[in-house]
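Participant: Please find the sequence and the predicted model below.
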Amino acid sequence: MSPWGVGLVTFVCVASGALVGILIRRIVPESHVGGDSRDAIKVVTTLIATLSAIVLGMLIAAASESFSRFDQTIRDTAVNVILLDRTLADFGPATAGERRYIKTMYQARLQELFPPPGAQRPPPDVRYEDSSLRQFIARIRALPVTNDEQAALRGRASTLLDVLAAGRWTGFVALANPVPRGLVVVLITWLVAMFVAFGLITPPNATAYGAVLIGAAAVSIAIFVMLELTSPLDGLIRISPDAMQQAYLALGQ
């Protein structure tokens, strides 16, 4: 289910929980929701709220870290690709074909991660890309050198390619969802229980009901944002392609 769908389902479930609590308040005797009973409900509600806040904070932190790591990988890769292109340019005209290959492959990678509007993103063929990168690394390491400067440039290009290969796998791993779905279900269950308790102690007036709905919307939006961060290439919150686009324009210059 998409983050929008999960957020909507969360809001419906949490708001329904509050409604159930309100209905129960009207049915049971006042002694069950007032006095010592009210204090007990508040204690349990505080406990559930604390647990929910801790778990929600941990999940948002994990999703945010994954999002930031992938974004940083994209930026680091853009810088290293430019450095690789400049290194090969300094090597000499013999690397013109390799520089064209880098630009072609980087353009394909840019279109894979950030396809045009309406286009479907193709599934990544990691094994093929890894094989192609290995072959290209072998080509760079086999470049003939005529002096110490070219030997140093070839070594630097080889090092940059190793860094790019590591960045490729780092980005692939970073796309894995860091949020356990089962934990999200548990969190939503706790929130529903908490809002049932809210409904039990909510005064019967429009202002109180509105406050409960605002709270339900707030926790639903928090879960939506958390799930959006787990998909850095899709949805409302996504990584900007500017770094890759700027790097592509700089290649071959």
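Facilitator: All right, it came through fine.
Participant: make it CA atoms for all contacts and neighbour counts henceforth
Facilitator: Noted.
Participant: And G7, how close does it get to T45?
Facilitator: Counting by Cα to Cα, to the nearest Å, the separation of G7 from T45 is 22 Å.
Participant: May I ask which helix or strand encompasses D39?
Facilitator: Using DSSP states H and E, D39 falls within helix 36-91.
Participant: Now do the following helix or strand past that helix against helix 36-91, angle only.
Facilitator: Of the helices and strands lying after helix 36-91 in sequence (DSSP H and E), the nearest is helix 96-113. Helix 96-113 and helix 36-91 are oriented at 160 degrees to each other (axes from the mean of the first three to the mean of the last three Cα atoms, to 10 degrees).
Participant: how about helix 96-113: buried residues?
Facilitator: Of the residues in helix 96-113, E98, R99, I102, K103, Y106, Q107, Q111, L113 count as buried by neighbour count, 16 or more other Cα atoms under 10 Å.
Participant: Skipping adjacent residues, who's closest to W4 in space?
Facilitator: F224 (6.4 Å; Cα to Cα, 6 or more residues apart in numbering).
Participant: For the one you found, the count of nearby residues, please.
Facilitator: Using other Cα atoms under 10 Å, F224 is surrounded by 19 other residues.
Participant: which helices and strands does the host helix or strand of it pack with?
Facilitator: According to DSSP H and E, F224 maps onto helix 206-229. With contacts taken as 3 or more Cα pairs under 8 Å, 6 or more residues apart in numbering; DSSP states H and E, helix 206-229 sits against helix 3-27, helix 36-91, helix 181-201.
Participant: can you pull the contacts of the residue lying closest to R25 once chain neighbours are set aside?
Facilitator: Leaving aside its chain neighbours, R25 sits nearest to L200 (5.2 Å; criterion: Cα to Cα, 6+ apart). Going by Cα atoms under 8 Å, 6 or more residues apart in numbering, L200 touches A18, G21, I22, I24, R25, V33.
Participant: one more time with 7 Å
Facilitator: G21, I22, I24, R25, V33 (Cα atoms under 7 Å, 6 or more residues apart in numbering).
Participant: Next one: the closest residue to the third one other than its chain neighbours, what pLDDT does it get?
Facilitator: Nearest non-adjacent residue to I24, counting by Cα to Cα, 6+ apart: L200, 6.8 Å away. At L200 the predicted local distance difference test score is 83.
Participant: ok, now how distant is L200 from H32?
Facilitator: For L200, the distance to H32 - Cα to Cα - is 9 Å.
Participant: Report the separation between I223 and L183.
Facilitator: Taking Cα to Cα, one finds I223 at 12 Å from L183.
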